[in-house]
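> Sequence first, predicted coordinates after that:
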Amino acid sequence: MNTPSPNPASPLPHRLDPAGGCPHAANARLLARGAVTPVVLPGEVRGMAVLGHDALKEFLAHPDVAKNAQHFTALRDGEIPDGWPLKTFATVQGMTTADGADHRRLRSLMSKAFTARRIEELRPRITDLTSCLLAGLEAAAAEDGVVDLRTHFALPLPMGVICELLGVDEAHHDRLHALSSRIVATDIGPAEAVAANREMVEILSAVAAARAADPGDDLTSAMIAAREESGDGFTPQELIGTLMLTIIAGHETTLNLITNAVRALCTHRDQLDLVLAGGASWADVVEETLRWDSPVSYFPFRYPTRDLTLDGTVIPRGTPVLAGYSAAGRDTGAHGPDAARFDITRTDGPRHLSLGHGAHYCMGAPLARLESITALEQLFARFPALDLAVPEPDLPRHASFVGNSVRRLPVRLRRGSAIPG
């Protein structure tokens with residue numbers, strides 16, 4: 001007797017690994033199931049992720065999707081404990097957690113520091129800092145010419161620039177990076193998460209107090225002045241929250257972008273040869289890296305303000321939703337059957353979404369692009385034969401499903417020509 005086949009079960013929620021790792025294999029499996037998928041976040045918190053390019057673009061600009069955590073049902077109902085590793089993303093006060101008029105108010109105050117003219121004025125400083133860091137690479141290298149490019153180059157460049165913009169003393173840079181890494185980690189314990197946030201707030205409060213006592217030509221001083229001169233300025237909590245968000249986003253994203261671009265070029269020597277020969281630009285490298293290996297994998301959070309149907313899947317009101325940038329960048333439905341191939345000459349397909357879309361599009365995108373293009377151009381002009389010192393699969397990954405990169409990037413510095421001939 002034939003036994004009837006059971007009805008196909010709905011797919012089980014994807015359990016995001018708090019330890020992070022390379023996201024691309026899992027992303028491909030999830031995309032094969034659909035553009036939107038249920039996920040289990042750390043602490044058994046249920047959420048969803050939007051992975052497909054078209055669905056993500058629609059979601060990021062949807063009028064019924066909010067950023068303010070008052071719409072996060074589980075948080076509002078007291079079901080999210082202190083020390084939850086993703087809580088800062090939901091509760092920090094600033095542009096990334098504001099909607100409507102509040103978002104426009106905060107963004108307009110910040111936007112003056114990120115105009116095209118202001119970014120262009122930073123070009124000489126970025127060029128000088130890049131040259132200085134490159135001069136120190138060889139001194140930091142071991143006898144065999146191996147140096148951790150992430151620690152000695154990809155990190156101090158964006159950290160130095162963003163802290164200079166904010167008026168943060170260099171003495172704080174290393175500690176602020178260490179705390180930023182803990183705050184974006186998803187494998188962190190509750191006590192460590194609380195301690196990292198508390199220390200970050202303490203340092204930034206001291207920075208704000210120093211700038212209030214001795215204002216300078218920096219963004220923190222400008223934010224404090226705006227608060228004092230207008231009723232529409234930053235509240236004390238918004239000031240600290242904005243400083244925190246700007247420091248984290250202002251260096252972690254570019255740090256990962258530069259790191260991922262160097263990894264990509266070292267493992268795709270034909271693409272490196274092409275750009276060194278003038279067949280493509282460093283801007284092409286940056287844009288393809290943003291698509292192919294987004295510096296942010298799953299970014300928290302947005303919340304539907306009503307039950308929302310996206311690509312045939314219902315996302316219930318108040319659900320915490322992750323923006324799956326690394327998945328969208330390799331979505332074959334948008335970028336073609338070769339979406340998993342790194343190709344800096346790619347011209348078909350839509351523009352990537354790795355720096356956001358809609359009202360919350362990354363304000364620092366022009367700065368990140370300028371820093372990354374400058375870094376890559378100078379790095380490979382000085383060391384055109386630079387290569388990884390260990391096999392790429394052996395590089396240790398970020399302990400986070402938010403950031404997407406490796407923790408170290410040991411390279412061997414080589415000045416010889418990269419192009420045979």
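Structure received.

> Report the buried residues of stretch 301-315.
F301, R302, Y303, P304, T305, L308, L310, D311, T313, I315 (16 or more other CB atoms under 10 Å). Heads up, the C-betas are built off the backbone N, CA and C, glycines and all.

> ok, and the first one, which helix or strand is that part of?
Think F301. Element membership for F301, per DSSP states H and E: strand 298-304.

> Need the per-residue pLDDT for S326.
Looking at S326, its pLDDT is 98.

> same question, G231
61.

> The helix or strand harbouring S181 vs strand 298-304, what angle?
According to DSSP H and E, S181 maps onto helix 173-184. With axes from the mean of the first three to the mean of the last three CA atoms, to 10 degrees as the basis, helix 173-184 and strand 298-304 are set at 50 degrees to each other.

> Model confidence for T37, exactly?
97.

> in the chain, which spans are strands?
14-15, 36-41, 45-50, 65-66, 146-148, 298-304, 308-310, 313-315, 321-324, 387-388, 410-412 (DSSP state E).

> what's the second one packed up against?
Which is strand 36-41. Contacts defined by 3 or more CB pairs under 8 Å, 6 or more residues apart in numbering; DSSP states H and E place strand 36-41 against strand 14-15, strand 45-50, strand 313-315.

> Make CSV out of the ones you listed and add distance to P337 and mean pLDDT.
What follows is the helices and strands packed on strand 36-41, written out as CSV (distance: least, CB to CB, whole Å; pLDDT from 0 to 100):
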stretch, distance to P337, mean pLDDT
strand 14-15, 23, 94
strand 45-50, 22, 97
strand 313-315, 24, 96
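
> Would you mind finding the most buried of the ones you listed?
The highest mean neighbour count among those, using mean count of other CB atoms under 10 Å, belongs to strand 45-50: a mean of 22.

> That one pairs with which strands, parallel or anti?
strand 36-41 (antiparallel), strand 321-324 (parallel) (DSSP bridges).

> Among these, which comes closest to Q378?
Ranking these by proximity to Q378 (CB to CB) places strand 321-324 first, at 31.8 Å.

> Output the closest one as CSV - backbone C-alpha positions only.
Output of strand 321-324 as CSV, limited to C-alpha atoms (Å, rounded to 0.1, in the frame of the first residue of the first chain):
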residue,chain,number,x,y,z
VAL,A,321,14.1,42.7,10.3
LEU,A,322,17.7,42.5,9.1
ALA,A,323,18.8,44.1,5.8
GLY,A,324,20.8,41.3,4.1
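
> before we move on, back to that, let me have the strands paired with strand 45-50 in CSV, adding distance to A209 and mean neighbour count as columns.
Below are the strands paired with strand 45-50 laid out as CSV (distance: least, CB to CB, whole Å; neighbours: other CB atoms under 10 Å):
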stretch, distance to A209, mean neighbour count
strand 36-41, 35, 21
strand 321-324, 35, 27
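
> I'd like the ones you listed as CSV, with distance to L243 appended.
Putting those into CSV (distance: least, CB to CB, whole Å) gives the following:
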stretch, distance to L243
strand 36-41, 26
strand 321-324, 23
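
> who touches H24 in this structure?
Neighbour list for H24: D293, S326, R330, A340 [criterion: CB atoms under 8 Å, 6 or more residues apart in numbering].

> Please indicate which of those are buried?
If we count by 16+ other CB under 10 Å, the contacts of H24 have these buried: D293, S326, R330.

> Among those, which ones are in helices?
Among the buried ones among the contacts of H24, the ones falling in helices (DSSP state H) are S326.

> any idea which of the buried ones among the contacts of H24 is the one closest to G83?
Using CB to CB, the buried ones among the contacts of H24 come closest to G83 at S326, 26.4 Å.

> Return the residues in contact with A359.
A359 touches A61, H103, counting by CB under 8 Å, 6+ apart.

> tell me the pLDDT at it?
Looking at A359, the pLDDT reads 92.

> And A116, by the same measure?
pLDDT, A116: 84.

> Next up, the contacts around A98.
So A98 contacts K67, N68, L106 (CB under 8 Å, 6+ apart).

> give me the number of residues near the closest residue to the last one other than its chain neighbours?
If I follow you right, that is L106. Excluding the flanking residues, the one nearest L106 by CB to CB, 6 or more residues apart in numbering is M95, at 4.7 Å. Burial of M95 is recorded as 24 neighbouring residues (other CB atoms under 10 Å).

> For H152, see how far away M95 is.
31 Å (CB to CB, to the nearest Å).

> N197 too?
Counting by CB to CB, the gap from N197 to H152 is 28 Å.

> and what of R263?
Relative to H152, and taking CB to CB, R263 is found at 16 Å.

> hang on, isn't G20 packed against P396?
No - shown here, G20 and P396 do not form a contact pair, counting by CB atoms under 8 Å, at 10.1 Å.

> out of these two, which sits in the busier spot?
Just comparing G20 and P396: by other CB under 10 Å the higher neighbour count belongs to G20, 23 against 11.

> G189 contacts G83, doesn't it?
Yes - the pair formed by G189 and G83 meets the contact definition of CB under 8 Å, at 7.3 Å.

> Could you check which of those two is surrounded by more residues?
G83 (16 against 11).

> which residues touch that one?
By CB under 8 Å, 6+ apart, the neighbours of G83 are G189, P190, A191, A193, V194.

> Please name the nearest non-neighbouring residue to H177.
According to CB to CB, 6+ apart, the nearest residue to H177 is M159 (5.9 Å).

> ok, so what distance separates the one you found from A249?
In terms of CB to CB, M159 sits 12 Å off from A249.
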